[in-house]
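*Asks:* A structural model of the following input is requested.
(2 chains)
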2 protein chains.
Amino acid sequence: MFEELLSSLAIKNENKIVLLVMDGVGDLPVNGKTPLEAARAPNLDRLASEASCGLLNIVYYGITAGSGPGHLALFGYDPIIYQIGRGVLEVLGVDMEMKKGDLAARGNFATIENGLITDRRAGRISTEKNRELVDIIKNNIQKIEDVEVIIKSGKEHRFAVIFRGSDLHEPLSDADPQQTGLKPAPAKAHEPSAKKAERIINKFIDEVTELLASEKPANTVLMRGFANYPAIKTLKERFELNCAAVATYPMYRGLARLVGMNILPTGETIEDEFNTVRENYGDFDYFFVHVKKTDSRGEDGNFEGKVKEIEKVDKALPMLTDLNPSVLAVTADHSTPCKLAAHSWHPTPVLIHGKYAFTDDAKKFSERECAKGILGRIPGTALISLLMANSLKFKKFGA
Amino acid sequence: MFEELLSSLAIKNENKIVLLVMDGVGDLPVNGKTPLEAARAPNLDRLASEASCGLLNIVYYGITAGSGPGHLALFGYDPIIYQIGRGVLEVLGVDMEMKKGDLAARGNFATIENGLITDRRAGRISTEKNRELVDIIKNNIQKIEDVEVIIKSGKEHRFAVIFRGSDLHEPLSDADPQQTGLKPAPAKAHEPSAKKAERIINKFIDEVTELLASEKPANTVLMRGFANYPAIKTLKERFELNCAAVATYPMYRGLARLVGMNILPTGETIEDEFNTVRENYGDFDYFFVHVKKTDSRGEDGNFEGKVKEIEKVDKALPMLTDLNPSVLAVTADHSTPCKLAAHSWHPTPVLIHGKYAFTDDAKKFSERECAKGILGRIPGTALISLLMANSLKFKKFGA
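*Replies:* Predicted structure coming up:
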């Protein structure tokens, strides 16, 4: 109902929206300063001092968002309603393309001895070995009944699978005993409609186990997170937005693809990414630009490294601001405090820069300055509405 | 459920609430200042410095409220749930009184030639000509079947109609081909319950077209926005509030009437309006006082004019503060930035003054000072709860 109202107000115009996500950039003070406060970032600071600033409550007070829920919220999808299955995220994370009707799963290579699972990760085999094994599976198992099997290696013992065929449905239990010393646990359909998927998955496990019988230590597989491609309206359907995504990591390209964005090929550096926006600037209404390493340094607990990554973004920022988009927003999908070396629940700073954004007293793009901003502390899902409004893409509600 | 909870807490006492709505007063800075910041408004500033201040999110982040949704929110009605049909707003806007069961519509005089609509506005005939035509219709069409037809002129080619009789229901399509060069489009019932309304409306159009056959250029009518009087509980039913409205424009009197307020006759100036409050002060619990021109100057993009209107309100303000109401709140139904010369999505400043309002650091009634206020940024519909609480009209929830 509320989503419908927002859609009903959307209008198309030539104004451009650029959303720069500095993954996990929000942090906690160490020796009195957060990485954003410690960084020399004159371009971000100028932007903040001209913009409306605030804090985004990505999911809900106290909730630590994973990358999936975090990005869905930023894209305007309530992550509590749109829960993306773990298998789907795994498949997106290795850059596989999923279609409606597909069933995705994540897999582990594992060790079975005398009918019992003795190592759930097969001694964390090398990624190289993983690729060899996946090639063996690819060459021998293309179809099970009428279902196409598409498999791709991840890192170490991990891989992802798409089952593509008719009538494959959730919900299913994981095919994983969860501990060693137990017999393999076949997948189980939780509803009659999942029966065919149950059969196909368990045949797949049996066929792989037979195929790898002489391998050591990776001689079976555990399969988890079975999930269909989610039914989700695209941003084009919801807001008439023609969207493009620029991201160096597959997971974020996948999340963008999920909401109907066009994925633009790009390079490895921030400059490559910003350049990709410039080269394609005429062709889209909305650009999602994802910077990964702010999060990576947070996950490493590397404060100085995170400061450097922020400074790199700042240095390249004129490549975006020179485009003079109607709206430029900068934020994160969650915080990743170095102190925690993990994602956290702390709200993320946000700035919205544009001709009609109310300039407030925040003088710096940081947690504490943004807390003074005129936006206040707002739900993550509200960002899309503010981007639409500031680019004059919403008409008036009621007379 | 939530509405019911609030109602269950309401108690009656002698305390007075005065809500002063400065229509569209919120704005954006021009040369560093908004009209509220630029205005010399010592009375408003004193009030703000003694009050709890904040920002109201009238409908939702990024949503630009029309006057209808804006006022409903301020009165405590979720404008997403209570969507008032266009015909109803038109009828209220020309000061017609609507009753439960009535069906309202807006009309245009139009031109038909050889069976095709050639001008949807009949060359924007004068308001005077409009009145002549409406008189002809009034004199010839009082009833269709058992349905009373009540018609009133608007400006130029516009008029409003109330169909009053049994069994007249929405939903109906507009009787308007939307473009010239097409045949008239009769109204169509979207549900069987709207069949009688369909018949009456189309008979009305036929009878008017016959009646105006020799007129030029206004020889037919297009009818739109068919809507029943909304089912809405009054503020008396919800909160035991005996309410009065003081407004110089019919639309706002109409919106107030919709929620059960008593409409007090008043003059044209702010002083007239405030005087009306004084004269009727003993008879009501709650006064809604509407100042229109702050919005009008915003719509004109007239910054200096808006500043002057704010200063006029400020000058007259002691007429209200001298009454020493239990709670005096000042806010707007939406922002109308001069830069946009239109309503906008920006939150509106609000102050709540009273014996039990927490005095905060905001020293001025302005967007940026109110952003610092202790109320934070709150939904428009929450205002009524704060007015009730500050006048001690809510009892404790639970033991």
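*Asks:* can you count the residues close to the residue of the stretch 251-399 of chain A found nearest chain B?
*Replies:* Scanning the stretch 251-399 of chain A for the residue nearest chain B gives residue A:385, at 3.1 Å (criterion: C-beta to the nearest C-beta). No exception for glycine: its C-beta is placed from N, CA and C like everyone else's. Neighbourhood size, residue A:385 [other C-beta atoms under 10 Å in any protein chain shown]: 22.
*Asks:* give the contact list for it.
*Replies:* A:6, A:76, A:394, B:60-63, B:345 (C-beta atoms under 8 Å, 6 or more residues apart in numbering or on different chains).
*Asks:* model confidence for it, exactly?
*Replies:* Here, the pLDDT recorded for residue A:385 equals 98.
*Asks:* so which of the contacts of residue A:385 comes closest to residue A:320?
*Replies:* Residue A:320 lies nearest to residue A:76 out of those, by C-beta to C-beta, at 20.9 Å.
*Asks:* in three-state terms, label the residue of the stretch 251-399 of chain A closest to chain B for me.
*Replies:* helix (DSSP: H, G, I helix; E, B strand; the rest coil).
*Asks:* in the contacts of residue A:385, find the pair that's most separated.
*Replies:* Among the contacts of residue A:385, A:76 and B:345 lie farthest apart (C-beta to C-beta), at 15.2 Å.
*Asks:* compare these two (neighbour count), which wins?
*Replies:* Neighbour comparison, residue A:76 and residue B:345: the larger count goes to residue B:345, with 26 against 21 (by other C-beta under 10 Å).
*Asks:* what sits against the more buried one?
*Replies:* Per C-beta under 8 Å, 6+ apart, neighbours of residue B:345: A:385-386, A:389, A:394, B:61-64, B:335.
*Asks:* try 10 Å
*Replies:* A:356, A:385-386, A:388-390, A:392, A:394, A:396-397, B:57-65, B:334-335 (C-beta atoms under 10 Å, 6 or more residues apart in numbering or on different chains).
*Asks:* which ones among these map onto helices?
*Replies:* A:385-386, A:388-390 (DSSP state H).
*Asks:* biggest helix in chain A by residues?
*Replies:* Assignment by DSSP H; longest helix in chain A turns out to be helix A:195-211.
*Asks:* export that helix as PDB, just CAs?
*Replies:* Extracted in PDB, the C-alpha atoms of helix A:195-211 (Å, rounded to 0.1, in the frame of the first residue of the first chain):
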ATOM      1  CA  LYS A 195       9.100 -32.100  -3.200                       C
ATOM      2  CA  LYS A 196      10.600 -32.000  -6.700                       C
ATOM      3  CA  ALA A 197      13.400 -29.700  -5.500                       C
ATOM      4  CA  GLU A 198      14.100 -32.100  -2.600                       C
ATOM      5  CA  ARG A 199      14.400 -35.000  -5.100                       C
ATOM      6  CA  ILE A 200      16.700 -33.100  -7.400                       C
ATOM      7  CA  ILE A 201      19.000 -31.800  -4.700                       C
ATOM      8  CA  ASN A 202      19.400 -35.100  -3.000                       C
ATOM      9  CA  LYS A 203      20.100 -36.800  -6.400                       C
ATOM     10  CA  PHE A 204      22.700 -34.100  -7.000                       C
ATOM     11  CA  ILE A 205      24.400 -34.900  -3.700                       C
ATOM     12  CA  ASP A 206      24.300 -38.600  -4.400                       C
ATOM     13  CA  GLU A 207      25.700 -38.200  -7.900                       C
ATOM     14  CA  VAL A 208      28.500 -35.900  -6.700                       C
ATOM     15  CA  THR A 209      29.400 -38.200  -3.800                       C
ATOM     16  CA  GLU A 210      29.700 -41.100  -6.200                       C
ATOM     17  CA  LEU A 211      31.700 -39.000  -8.600                       C
END
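*Asks:* just the angle between the helix or strand encompassing residue A:159 and helix A:195-211, please?
*Replies:* Assigned by DSSP states H and E, residue A:159 belongs to strand A:158-164. On the basis of axes from the mean of the first three to the mean of the last three C-alpha atoms, to 10 degrees, strand A:158-164 is oriented at 130 degrees to helix A:195-211.
*Asks:* work out the sheet partners of strand A:158-164 and label each with its direction, please.
*Replies:* For strand A:158-164, the paired strands and their directions (DSSP bridges) read strand A:103-113 (antiparallel), strand A:147-153 (antiparallel).
*Asks:* ok now that strand, how far from the chain's centre?
*Replies:* Computed by C-alpha atoms, centre = their mean, to the nearest Å, the chain-centroid distance of strand A:158-164 equals 18 Å.
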